[in-house]
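Engineer: have a look at this prediction, sequence included:
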Amino acid sequence: QVQLVESGGGLVQAGGSLRLSCAASGSLFRINDMGWYRQAPGKQRELVARIGSGGSIKYADSVKGRFTIARDNAHNTVYLQMSSLKPEDTAVYYCNAGYRSVVTFREYIAWGQGTQVTVSS
């Protein structure tokens, strides 16, 4: 089983930057896609950015040009660099990873516990 541990959230003023990190731990697995989702109060969880094992990337339109996703495959870690933050970026940000067991070859999805990002105006 894979566990995801996030870090890097916090409070920042509008226009500022934050960097989120998410490290996957466990044994006998291979990570496929990794990504970040967010959920604001009273809203559904939405995709922010995803990155495939080969490096293909998808961003939500609302963050294009401001956020950058990257991954370190050697350390099973994904990052989200957030710049030009806006109050509407305020949400709990969740790390997500699809992975495959190298023993059973079954595929699973893991979620992190979430990290709060608050952008003040």
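Structural biologist: Good, I have the coordinates.
Engineer: what's the first-to-last distance across stretch 109-121?
Structural biologist: This stretch, stretch 109-121, spans 35 Å end to end (Cα to Cα, to the nearest Å).
Engineer: do stretch 97-110 as well
Structural biologist: Chord length of stretch 97-110, first to last residue, is 5 Å (Cα to Cα).
Engineer: what kind of secondary structure is the closest residue to Arg66 other than its chain neighbours in?
Structural biologist: In this structure, Arg66 finds its nearest non-sequential neighbour in Ser84, 4.6 Å apart by Cβ to Cβ, 6 or more residues apart in numbering. No exception for glycine: its C-beta is placed from N, CA and C like everyone else's. Using DSSP: H, G, I helix; E, B strand; the rest coil, the secondary structure recorded for Ser84 is coil.
Engineer: and the residue nearest the centre of this protein?
Structural biologist: Centroid-nearest residue in the chain, with Cα atoms, centre = their mean: Trp36, separated by 2.5 Å.
Engineer: and the residue nearest to Arg66, what does it touch?
Structural biologist: Ser84 sits next to 15, 17, 66 when contact means Cβ atoms under 8 Å, 6 or more residues apart in numbering.
Engineer: which one (most neighbours) among the residues you listed?
Structural biologist: Among the contacts of Ser84, Arg66 has the most neighbours (other Cβ atoms under 10 Å), with 15 neighbours.
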